[in-house]
Structures are given as structure tokens and as C-alpha cells.
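> Here you go, sequence then predicted model.
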Amino acid sequence: MKRSSGDGENLENRNWLETADDEFEQAFFEGEEERPAGQPGEGEEPEIDAGQQPDAEEAAGEGEQENAREQEHTQKLKNPPKDKKKILIGLTAICLVALFAFFFSDRFYNMIRGRSSYTLQQTDIEVTFAEGSTQVLLDESGDTLVRCSQDGVQALNENGEVLWDIPFTMSSPYILRAGDYMAVADRLGTGVLLIQNGAVITELTMENQILLHCVNEAGNTAIVIDDGDSHSVNLYSPSGELLMQRHTYADTDGIPVAVALNEDGSRMATAYIYYTGSTLQSIVTIFDLTENGSTLVDRIVGSISFENSVVSDLKFSGDECFFAASDRVGTLSAGSACEVLWQQQLSYQMESLVLQDSYFAVRYGEGLAGTVAPVTNNIVIYDYSGEVLYETSVEDATYLDAWGDTVIYGSGRLFYGISEKGSPKWQMDSGEDYIRLVAFSSGDTVAALRNGQIDYYDVAVNSVEVTDG
């Protein structure tokens with residue numbers, strides 16, 4: 001067909017638009033209906049026999065049709081169909097989610113930390129108090145420091161400001177937390193406070209000396225009392241109601257060394273040390289505190305004994321109870337039966353043990369009997385199935401602690417903060433002999449406890465590369 005120069009320009013533009021449209025649809029959109037064979041596609045000219053000659057009126061009509069098709073194609077490119085828009089939006093959302101996940105992944109975290117180093121720089125914030133026995137921990141939110149001393153319990157924020165203060169005279173204060181409950185006991189004394197959100201909800205006084213206590217997320221408190229030749233294990237509700245009491249005797253049951261409650265208060269575990277002549281045994285017992293437990297003798301689900309081993313720590317995780325002993329660690333089932341699910345014999349002494357919700361960390365020391373070779377990695381972090389999450393070697397390691405997702409280890413006055421999988425967070429070369437470091441959940445502040453004072457540090461960036469001990 002003959003065309004004027006203007007028609008040729010329109011044809012060139014139309015061909016470009018058609019090509020762009022075809023590439024656009026082929027790249028992003030599948031499933032368009034195929035046209036029947038022989039039928040002209042959109043924007044294409046029908047084939048004309050050689051002998052067929054269109055007249056001028058037909059040519060003018062075709063030119064108008066071409067212009068209309070050109071406008072239609074242009075409009076389609078500018079305004080794709082709604083279903084195609086949805087596909088584009090979906091692809092964009094997937095890309096954004098992938099980027100978001102990467103930015104918050106351990107890999108990205110390690111990349112950033114690997115290119116920067118963070119040290120602790122002391123601020124001008126400090127809190128002073130009378131010297132003496134003092135404990136510190138974080139509340140459930142991780143942004144409030146709780147200090148327990150012989151004078152009572154006090155809460156401080158990241159700026160060292162007092163949020164609340166509860167006077168309570170004790171000779172040997174000991175504080176534990178589960179959820180938003182805190183149980184403060186005067187061990188070797190007789191008083192116990194149950195605190196929730198900065199307020200005392202229950203105050204208890206025992207008849208005899210308190211040896212051990214624990215609290216769970218439901219506010220139940222278990223208290224082990226020394227009655228002389230016997231011991232009592234008392235279980236209290238958050239309101240102070242006595243729910244259960246069990247008496248044991250040193251000559252037949254042994255001496256209690258640990259007690260734990262599960263989250264909802266349906267299970268309790270105790271550990272006793274029992275001597276039989278020259279043999280030492282640790283006995284871990286699981287109790288059913290539900291209505292079903294009333295059909296059991298002394299509510300006992302079952303017991304496991306370990307010869308020549310001292311169980312010192314117990315911690316529930318669902319229907320399982322983790323235990324740590326002088327020569328092994330492992331987990332017991334705590335459902336309808338009491339059985340060892342797994343245990344691992346230790347070759348080295350545990351100098352420090354820190355238990356968190358999803359992991360535990362150990363600082364190993366000298367080899368146990370039969371172990372000659374020195375320990376290769378003396379700082380090891382495990383999950384509660386016994387799998388190693390991270391391990392490292394620290395020369396003359398003297399310190400290990402953990403707060404949420406931050407594990408702190410050190411030697412002398414040099415400390416390192418890492419994640420439970422070993423990602424570096426910060427390091428600190430202090431000029432003081434600190435008793436304990438507390439990492440706030442914000443990741444920006446660390447409180448350092450020494451005798452009679454708490455110093456506050458900020459996490460700051462510097463140019464020195466952080467390396468593991």
C-alpha cells in the first residue's frame with residue numbers, strides 16, 4: 001500500500017508502540033488469548049490480494065483506524081489492565097518483603113558489624129548506694145534495671161532515674177523474675193515479697209529459714225524451708241494461698257538443692273542430694289500440680305537419680321525440664337512420665353552456667369577426672385536440645401552472663417558482648433573491677449555494677465575492629 005510521508009511516520013511510531021507493547025506483555029503477563037490463524041492481530045494490516053486496489057476513500061478510512069489503534073496502544077501502555085496492575089503490585093510486595101527479611105537477618109547484621117566496631121563509653125550517669133550484698137536484673141521489658149539489696153528493691157531506667165522503690169529489710173537478699181513477677185526472698189531469713197509491675201501483691205513470712213525459692217510466669221511461688229532435721233516445700237498462689245506443702249527428711253530423702261516451676265504452674269521439679277555411705281546421688285523429682293496429680297502418691301510423676309553427680313540447676317521449657325549437674329547436662333520429660341530425653345557427659349568443670357529462655361551458656365574450666373587435655377573452647381552456647389550455637393576460646397576467662405539475646409563474656413577487665421549465635425555487638429576494656437554487666441534490651445546501654453555503685457555506658461562506634469577474645 002502506498003503511503004504519504006505522514007503515513008510513514010505514523011507507521012514507524014505505531015510499529016515501535018506495538019513492539020514495546022508485545023515485549024511488555026511477553027515479559028510480565030502470561031496467558032493472553034491466541035488469535036486464530038489467518039486473523040490479523042491488533043494493529044496489523046490485513047493481507048490484500050495483488051489485484052486488489054483500495055480506493056482513496058478506503059485509504060483515508062484506514063489512516064483513521066491506524067491513528068485510533070495508535071492511541072489505543074498508547075493508552076494501554078500508560079494504563080495496564082487492573083489484573084496486570086495487581087501482578088506488578090504483588091511482585092513489588094514480594095521484593096520488599098525479601099529486602100526487609102534480609103535487612104533483619106543475621107547475615108546482614110554480621111555484615112554491618114563486620115564493617116564497624118562498637119565499644120562501651122562511660123557516661124556521666126552513675127547511681128550510688130550503701131555497700132553490701134546487691135543483685136541486679138532486668139524486668140520483663142528489658143528496659144528497667146532492678147536492684148535488690150539489704151534495704152529493699154529499687155527500679156531504675158536507662159538514665160539512672162528511680163522508677164519505684166520498695167523498702168524491705170533483709171540479711172541475705174535474693175531476687176528472681178518470671179514474666180512480670182518478681183519474688184524477693186531473704187534467704188537464711190524468713191521474709192518473701194511477690195512484686196508485680198512495681199507493686200507488692202503478696203508478703204509472706206515463713207516459720208523457719210528459707211533455703212531456696214522460685215517463681216513462674218503465673219505468679220506461683222515455691223519456697224523450700226529448712227525445718228532442722230526436715231525440709232518443707234511450700235507452693236503459694238499469687239494471692240499468698242498455700243496450694244501444696246510437702247515434707248521431706250534429710251536421713252531418707254536428702255538435702256534440697258534446686259526447685260523449679262513450669263510456666264502455667266502445672267508441674268514442679270525438685271533436686272535433692274542424698275548420701276548412702278560412700279555413694280552420692282542426685283534425685284530429680286517431677287510433680288503433677290493439676291487435678292490429675294491428686295490421684296498420684298505425693299503428686300509424683302516420677303524421679304530420676306544420677307550417681308556421683310550433683311544436680312544444681314533446673315529449668316522448665318514446655319513439658320521438658322532441663323537439668324545441669326557437676327558432670328552432665330540434659331533434659332527430662334515432664335508430661336505423663338519422667339524420663340531422660342537426652343544427656344551429655346561433660347569433660348570439664350562448669351565454672352559458670354547462665355540459663356535463658358531459648359539457650360544456655362557455659363564457661364568451662366579445668367578437666368574432670370580422666371580428662372587430661374585442656375579445653376579447646378571454654379565459652380560455649382547451646383540450645384536446649386544440646387546443639388552448639390556458638391563456641392570460642394578466651395584466655396583466662398573469668399566472666400560469663402547473658403541478658404535476652406546478649407551474651408557477655410570476658411577476662412579480667414576486658415568484656416565482649418555477642419548474640420547467642422556469636423555475632424559481635426560490642427567490647428569493653430574497663431578501668432574498674434565490675435561485678436556484673438547488664439545489657440538493656442535497646443542494645444544502646446549497659447549498666448555496670450561494682451561495690452556501692454552502678455555506672456552507665458553507651459554503645460558507641462569506633463574504627464577499631466572487634467575480634468573475639
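Sure thing, it's come through.
> give me phi/psi at the residue most central in space within the chain?
Nearest to the mean C-alpha position of the chain, by CA atoms, centre = their mean, lies Asp405 at 5.2 Å. Dihedral angles phi and psi of Asp405 (degrees, to the nearest 10) take the values phi -100, psi 10.
> was I right about it contacting Gly422?
No: counting by CB atoms under 8 Å, Asp405 does not reach Gly422; the two are 11.7 Å apart. C-beta: built from backbone N, CA, C; applies to glycine.
> Would you confirm that Ser352 contacts Leu400?
Yes: using CB under 8 Å, Ser352 is in contact with Leu400, at 4.0 Å.
> May I have the helix or strand hosting Val153 as PDB, with CA atoms only?
Following DSSP states H and E, one finds Val153 within strand 152-156. Extracted in PDB, the C-alpha atoms of strand 152-156 (Å, rounded to 0.1, in the frame of the first residue of the first chain):
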ATOM      1  CA  GLY A 152      14.800  -3.400  99.600                       C
ATOM      2  CA  VAL A 153      14.100  -3.300  95.900                       C
ATOM      3  CA  GLN A 154      14.600  -0.400  93.500                       C
ATOM      4  CA  ALA A 155      13.900   0.000  89.800                       C
ATOM      5  CA  LEU A 156      16.000   2.300  87.600                       C
END
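> by contact count, what packs against it?
Under the contact criterion of 3 or more CB pairs under 8 Å, 6 or more residues apart in numbering; DSSP states H and E, strand 152-156 touches strand 145-149, strand 162-167.
> So between Ser352 and Leu400, which is more surrounded?
Higher neighbour count among Ser352 and Leu400: Leu400, with 23 against 16, using other CB atoms under 10 Å.
> What is the strand or helix carrying the more buried one packed up against?
Using DSSP H and E, Leu400 falls within strand 399-403. In terms of contacts (3+ CB pairs under 8 Å, 6+ apart), strand 399-403 is packed against strand 348-355, strand 360-367, strand 406-411, strand 436-439.
> what about those, which gets the closest to Thr270?
Among those, the nearest to Thr270 by CB to CB is strand 348-355 (16.8 Å).
> Strand partners (parallel or antiparallel) of that closest one?
Next to strand 348-355 in the sheet, as set by DSSP bridges, lie strand 360-367 (antiparallel).
> buried set for the next helix or strand along the chain from the strand it pairs with?
For strand 360-367, the following helix or strand on the C-terminal side (DSSP H and E) is strand 379-382. Using 16 or more other CB atoms under 10 Å as the test for burial, strand 379-382 gives 379-382.
> Then stretch 223-238?
In stretch 223-238, counting by 16+ other CB under 10 Å, buried: 223-226, 231-236, 238.
> ok, residues contacting it?
181, 185, 192, 194, 196, 201-202, 204, 206-213, 218-222, 242-251, 253, 255-256, 259, 261, 268, 270, 289 (CB atoms under 8 Å, 6 or more residues apart in numbering).
> distance between the ends of it?
Using CA to CA, to the nearest Å, one end of stretch 223-238 lies 13 Å from the other.
> Kindly report the same for stretch 338-353.
24 Å.
> host element of Ser442?
Assigned by DSSP H and E, Ser442 falls outside every helix and strand.
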